[in-house]
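1. Model the following, please.
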Amino acid sequence: MQFHCHFVKGSWILGKEYHIMLNRHFFTFFYIQFLGAFNDNIYKNILVLLIVFQGISLGGLNSQLLVTFSFAIFILPFFIFSALAGQLADKFNKNRLVIFLKLLELVIMSFAVIALMADSYYLLLLLLFLMGTQSAFFGPIKYSIIPDLIRTDKSNDNSSSRLLMANGWVEMGTFVAILLGTIVAGFLVSDGQSLQFIVSLTLLGVSLIGFFISLYLPFIEAKDPKIKIDFNPLTYSYHLYRVVKETLSVYHVVILISLFWFLGACILSQMPNWGKQYLYADEQEISFLLFAFTAGIGIGSMICRYLNQFFSTAKINLIGTFGLIVTLLLFIICSYFYINLVQSTQFESGTMWLYVLVILSLFMMGFFGGLYIVPLYTFLQVHVKTSELSRNIAYTNILNAIFMVASALLIMFLQIIDFSLIEIFLIVIFIFVFIMIFVYRANKKIDPGTRLY
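-> Numbering: from 1, shown residues only. Just a heads-up that it's a prediction; the model follows:
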């Protein structure tokens, strides 16, 4: 009888807290961000796959460099507009901002359909920049609205646990959307014009549904309506840097979040090239590789809530860190031996098990990535003042942008001087480990009551 009662309340397996997806307001927001991420990734992956497999060259950049350049274009608006976005998210009602941004997404996707039909790659790249701009303004809202929707009390011991659950759902939803968008894009590129019309309708239809759902978000009071907007991204970004650095534990967490996106940008942007060069993968097989990685992140994000019954958020993050490094090295080693085995045996015995190991290591890489990132965002939501959370997330997005653009520029430079992708991945791993150790040692000097580790 007791078992049945817990199940009905939605807390079976989840413990004493109610299941977060039974919260109507959070449920509404979950699907808004899910549909937005789904649409974004259909478009982004279409563009990348077209560039790679049709050998598109623009402005003197070959297809390999153009893929890296396209990721930099998408990330650049986060650096330019995040400071303004954080101010707006704290100054105005978040629900109204979401409605406006979903309307903007609908307009952008309408032009994207036209550009796809016309095969206008310059327009496609411009729209990629505009998509990045829309995402940059949505970013500070995405994580700062969650505490409002689930109405946590930060003095309550359960608040961190509930936030961990909510963040896990949002990360899972985001990466499932990435996964579905990747699959749809792969079918579009491989099957040609007949499916192109269907996916174009999907882009518009999903945007329209997301806009209508956004109308049902609850009213959320502005956190700091007296903010004087500073439109200069450089001066206000520096101001945010000084504010965030006042609390070293928060500053260290922001660096660790950006470090994750530095590594993730490298993996996601180069996976099409990696699959083509080392695994002899076609468009659909590359979609499956991205499926394995994003599915791993989604599952890892969801598992965080259950692991929190046995480990602190800091220990979950450390498990994710160690696992992420080990599985990435395993992925590189397996890919290296796979291509050598294929070239020497002409796809004879011994290749299948190695290919399965490549996929498994990619999946586990994503899984540990989920364990790494979710506790970090939860830490910010618990330890940063509600009135400053959007701006703190905005600074996080600025630093994310810097790290991701740095990743793209580093990869472009290493490609120009003729480094192989394996060598590039090893260099990126070295940078990740070096910064991780530096932050970990610096964190140990902070008061134990406020630091992450």
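
2. Would you mind listing the buried residues in stretch 213-220?
-> Buried residues in stretch 213-220, counted by 16 or more other Cβ atoms under 10 Å: 213, 214, 217, 220. Glycine gets a C-beta too; all of them are placed from N, C-alpha and C.

3. Could you dump the residues you listed into JSON lines and include pLDDT?
-> Formatted as JSON lines, the buried residues of stretch 213-220 follow (pLDDT from 0 to 100):
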{"residue": "213", "pLDDT": "93"}
{"residue": "214", "pLDDT": "91"}
{"residue": "217", "pLDDT": "88"}
{"residue": "220", "pLDDT": "83"}
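
4. Can you pull out the low-pLDDT segments for the chain?
-> 1-22, 54-61, 64, 151-160, 189-196, 199, 283-284, 342-350, 447-453 (pLDDT under 70).

5. Where do the helices of the stretch 101-250 of the chain begin and end?
-> 121-144, 146-150, 157-191, 193-214, 233-245, 248-278 (DSSP state H, counting those that start in this stretch).

6. Kindly reformat the ones you listed as a markdown table and extend each row with distance to residue 83.
-> Below are those laid out as a markdown table (distance: least, Cβ to Cβ, whole Å):
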| stretch | distance to residue 83 |
| --- | --- |
| helix 121-144 | 10 |
| helix 146-150 | 21 |
| helix 157-191 | 23 |
| helix 193-214 | 24 |
| helix 233-245 | 4 |
| helix 248-278 | 14 |
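
7. I'd like to know which of these is closest to residue 290.
-> Nearest to residue 290 among the helices of the stretch 101-250 of the chain is helix 157-191; the distance by Cβ to Cβ comes to 4.5 Å.

8. buried sites along that closest one?
-> Quick answer for helix 157-191 (16+ other Cβ under 10 Å): 159-186, 188-189.

9. Against which helices or strands is it packed?
-> When contacts are defined as 3 or more Cβ pairs under 8 Å, 6 or more residues apart in numbering; DSSP states H and E, helix 157-191 sits against helix 24-53, helix 121-144, helix 146-150, helix 193-214, helix 283-307, helix 351-383.

10. re the thing from before, residue 297 is nearest to which of the helices of the stretch 101-250 of the chain?
-> Using Cβ to Cβ as the measure, helix 157-191 is the one of the helices of the stretch 101-250 of the chain that comes nearest residue 297, at 4.4 Å.

11. Can you give the distance of that closest one from its chain's centre?
-> Offset of helix 157-191 from its chain centre (Cα atoms, centre = their mean, to the nearest Å): 9 Å.

12. Tell me how many other residues crowd residue 329.
-> Around residue 329 there are 15 other residues, counting by other Cβ atoms under 10 Å.

13. Looks like it contacts residue 429 (just checking).
-> Yes. Residue 329 lies in contact with residue 429 (Cβ atoms under 8 Å); the separation is 6.8 Å.

14. Just to be sure, residue 446 is in a helix?
-> No. Read with DSSP: H, G, I helix; E, B strand; the rest coil, residue 446 is coil and lies in no helix.

15. isn't it right up against residue 250?
-> No. Taking contacts as Cβ under 8 Å, residue 446 lies outside contact range of residue 250: 10.3 Å.

16. more neighbours, the two?
-> Neighbour tally, residue 446 and residue 250, criterion other Cβ under 10 Å: the higher count belongs to residue 250, 22 against 16.

17. Hmm, that one is touching residue 381, no?
-> No. Using Cβ under 8 Å, residue 250 makes no contact with residue 381, being 10.9 Å away.

18. who touches residue 262 in this structure?
-> Residues in contact with residue 262 (Cβ atoms under 8 Å, 6 or more residues apart in numbering) are 403, 404, 406, 407, 428, 431, 432.

19. Can you tell me which of those lies closest to residue 371?
-> Closest to residue 371 out of these is residue 432 (15.3 Å), distances taken as Cβ to Cβ.

20. Perfect, that will be all.
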